[in-house]
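> Just a sequence and a predicted model for now, questions to come.
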Amino acid sequence: KRLRTPHRLLLSGTPIQNDLRELWSLFDFIFPGRLGTLPAFEAEFAVPIKRGGYSNASPMQVQLAYRCSLVLRDLINPY
């Protein structure tokens with residue numbers, strides 16, 4: 001974050017496949033603040049999405065995970 005530069009480049013595989021905190025970390029480097037702070041990101045996106053992906057998740061948890069993933073997708077598009 002301390003790099004003062006007009007452009008930042010990031011090359012990666014598929015971080016969202018591994019852990020949403022990795023996605024947050026990558027975006028916080030290339031677009032600081034875009035996804036908020038890590039604690040806020042985890043509470044608003046990572047935890048609900050993770051809970052909704054469990055096999056024993058309730059229909060409400062699955063729906064919440066889906067809605068959170070759509071909002072997150074919109075935040076990171078077209079990046």
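Arrived safely.
> contacts and neighbour counts: CA atoms only from here.
Fine.
> To what extent is the residue nearest to residue 26 when sequence neighbours are not counted buried, counted in neighbours?
Distance criterion CA to CA, 6 or more residues apart in numbering; nearest residue to residue 26, sequence neighbours excluded, is residue 10 at 7.7 Å. Applying other CA atoms under 10 Å, we find 8 residues neighbouring residue 10.
> what does residue 11 give?
As a measure of burial, residue 11 has 6 neighbours, counting by other CA under 10 Å.
> Name the helix or strand for residue 29, please.
Using DSSP states H and E, residue 29 maps to helix 20-30.
> re earlier: can you tell me how far the residue nearest to residue 26 is from residue 23?
Using CA to CA, to the nearest Å, we find residue 10 at a distance of 12 Å from residue 23.
> hang on, the earlier thing: convert the C-alpha atoms of the helix holding residue 29 to CSV, please.
Written as CSV, here are the backbone C-alpha positions of helix 20-30 (Å, rounded to 0.1, in the frame of the first residue of the first chain):
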residue,chain,number,x,y,z
LEU,A,20,-11.8,-14.9,0.0
ARG,A,21,-9.3,-13.2,2.3
GLU,A,22,-6.7,-13.7,-0.5
LEU,A,23,-9.1,-11.9,-2.9
TRP,A,24,-9.4,-9.1,-0.4
SER,A,25,-5.6,-8.9,0.0
LEU,A,26,-5.1,-8.7,-3.7
PHE,A,27,-7.7,-6.0,-4.2
ASP,A,28,-6.4,-4.1,-1.3
PHE,A,29,-3.1,-3.9,-3.0
ILE,A,30,-4.3,-2.9,-6.4
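> Sort out which residues of that helix are buried, please.
20, 21, 23, 24, 25, 26, 27, 28, 29 (16 or more other CA atoms under 10 Å).
> Show me the contact partners of whichever helix or strand comes after that helix.
Using DSSP H and E, the helix or strand that follows helix 20-30 in sequence is helix 38-41. The contact list for helix 38-41, computed with CA atoms under 8 Å, 6 or more residues apart in numbering, reads 21, 24, 35.
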